[in-house]
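**Student:** show me the folded form of this:
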Amino acid sequence: MSASVSAKHPRGLYVLFFAEMWERFSYYGMRAILLLFLIDNINGGMGLDAVEGAAVYGLYTASVYLLTLPGGWMADNILGQKKAIWYGGIIIMLGHIILAIPAGSGIFFLGLVTVALGTGLLKPNISSIVGELYPEGGARRDAAFSIFYMGINLGSVLGITIVGYLGQKVNWHMGFGAAAIGMLLGLVVFKFGSAKYLSGYGEVPAKKVITAESEAKSGADRKKGYLLAAALVVFLAVLQLTGTIDMSTAQGLAQGAGVIIVTVSLFYFLFILFAGGLTAIEKKRVLVLIVFFIAAALFWSGFEQAGSSLQIFAERHTQRTIGTWEMPSSWFQNFNGAFILLFAPVMASLWIYLSTRGLNPSTPVKFALGLLLLGGGFFIMELAASQAVTGQLVSPMFLTLTYLFHTIGELCLSPVGLSSYTKLAPKRYLSQLMGIWFVAASLGNLIAGLFAGNFDENNVDQMPALFNQVALFSVGFGLLLLIFYKPVKNWMGGIK
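**Tutor:** Here you go, the predicted model:
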């Protein structure tokens, strides 16, 4: 990032940058070893089979992002964003400390639940404050989110390297403990930096002035909300009674959770549209957010296989030996973070450069590019899997190129999506809709975990077809979004 560009950004951005960096150190570091720990039956892991382990992994990563919805609500209505970040960070740190205790599966799952609860409180609200720093929106806000994204991925690289090495080469629980230390450092940065550079941002929400008219309208909106909630409960009960949701196994629970996430998201969007008191323009913008939600969920369902199916492919089918040294398979996940650090400043500068010349692609086009690049990466993995089915270990260049494609796709979609949600969301629903953005990641993570469960060691011939399926879905939706980008852009109501 050139000095001329970075000088334009407030110092509060860099406080959030480093706080998020350490939080992501703890999250991605722990995630890098989670599935390996779950399926390890030799070095003190839990010894689950691949199907059950991948389902547990998917449930955890999905829960982390699903809980951002209530976390956003608490910030919007009770705590304010800064307090939500602080308390969320403390809960995350406690969760990692619990994971560091080698005391059986019950304590381990308690730690996972605790980390998920804390992340749900922290994650949407730190992104909301980044958006608050740039009330004017535009390419400068997009560039700020690209810089912020560098913090996420610097934390990812450090976490995967340190936690991954300690977990795989020394002791699983020592790796989990290192994640706790990372979160502690994030809390220190946020505590002292926010007091000086984030004054006036993310404060406790002001009490609303209640009039007879607003009270009557609020009562009518509440009735609509109750009806939607009742319909949701009935729908979920029908799914359970008909056997659509089977809670008897981790895989069945994960499949049921996918249905629940889709249903909750649908009902929440319906509530916002029909009982949220929105203007006609705001309703069109929420419709755009729905389109972006679907695109993001599909993107993350492929991208988040970095910790599931691609992790298994790296462990079982990729050449990792250099001389007598064998690289930990979890380190392959570092390619994404390293490429982010290389290309995020380039992409941030590119959006500003194109904007000054009136050539900046619209947000729907950027989303489409992200999906097309994701599909390209999985076509590469299809080629790799075609070699792996012969029984040979394949070149690490296949995974390297896949991560390169996925990273450029991520930079087209994720920081731009974060920025778009802060711009398009009605102010009174900002953190909640930021939560919905992360719910898309929740759904994608869950699908990624379930997909990894299909990797049957006794039937490796199915790998190329599995990767081809993901590639076709990604490219298909990307092309669809390119075809209809103009009406989606028009619904944004002039917001860029």
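**Student:** show me where the stretch 351-496 of the chain has its helices.
**Tutor:** Taking DSSP state H, counting those that start in this stretch to define them, one finds helices in the stretch 351-496 of the chain at 363-388, 397-424, 430-452, 463-483, 485-491.
**Student:** format these as TSV; extra columns: mean neighbour count, mean pLDDT and distance to Asn77.
**Tutor:** All C-beta spots, glycine's among them, are computed from the backbone N, C-alpha and C. Shown next, in TSV, are the helices of the stretch 351-496 of the chain (neighbours: other C-beta atoms under 10 Å; pLDDT from 0 to 100; distance: least, C-beta to C-beta, whole Å):
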stretch	mean neighbour count	mean pLDDT	distance to Asn77
helix 363-388	23	94	28
helix 397-424	24	90	18
helix 430-452	27	77	9
helix 463-483	18	92	33
helix 485-491	16	90	27
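**Student:** how about a markdown table for those helices, with distance to Gly80 added?
**Tutor:** Below are those laid out as a markdown table (distance: least, C-beta to C-beta, whole Å):
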| stretch | distance to Gly80 |
| --- | --- |
| helix 363-388 | 28 |
| helix 397-424 | 16 |
| helix 430-452 | 9 |
| helix 463-483 | 35 |
| helix 485-491 | 31 |
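**Student:** ok, the residue most central in space within the chain - contacts?
**Tutor:** Centroid check for the chain by C-alpha atoms, centre = their mean gives Ala441 as the closest residue, at 4.2 Å. Residues counted as contacts of Ala441 (C-beta atoms under 8 Å, 6 or more residues apart in numbering) are 65, 296-297, 300, 304.
**Student:** just the buried ones from these?
**Tutor:** 65, 296-297, 300, 304 (16 or more other C-beta atoms under 10 Å).
**Student:** about what we covered before: how about the helices of the stretch 351-496 of the chain, which one is nearest Val157?
**Tutor:** Closest of the helices of the stretch 351-496 of the chain to Val157 is helix 397-424, at 12.0 Å (criterion: C-beta to C-beta).
**Student:** regarding Thr135, what is its secondary structure?
**Tutor:** One correction, residue 135 is Pro, not Thr. Following DSSP: H, G, I helix; E, B strand; the rest coil, the label given to Pro135 is coil.
**Student:** can you count the residues close to it?
**Tutor:** By other C-beta atoms under 10 Å, 9 other residues sit near Pro135.
**Student:** distance check, it against Asp49.
**Tutor:** In this view, Pro135 and Asp49 are 51 Å apart by C-beta to C-beta, to the nearest Å.
**Student:** before we move on, the earlier item: for the contacts of Ala441, which one is nearest Gln462?
**Tutor:** Glu304 (20.3 Å).
**Student:** ok, that closest one touching Ala62?
**Tutor:** No - between Glu304 and Ala62 there is no contact under C-beta atoms under 8 Å: 9.5 Å.
**Student:** which neighbours do those two share?
**Tutor:** In contact with both Glu304 and Ala62: Asn445, using C-beta under 8 Å, 6+ apart.
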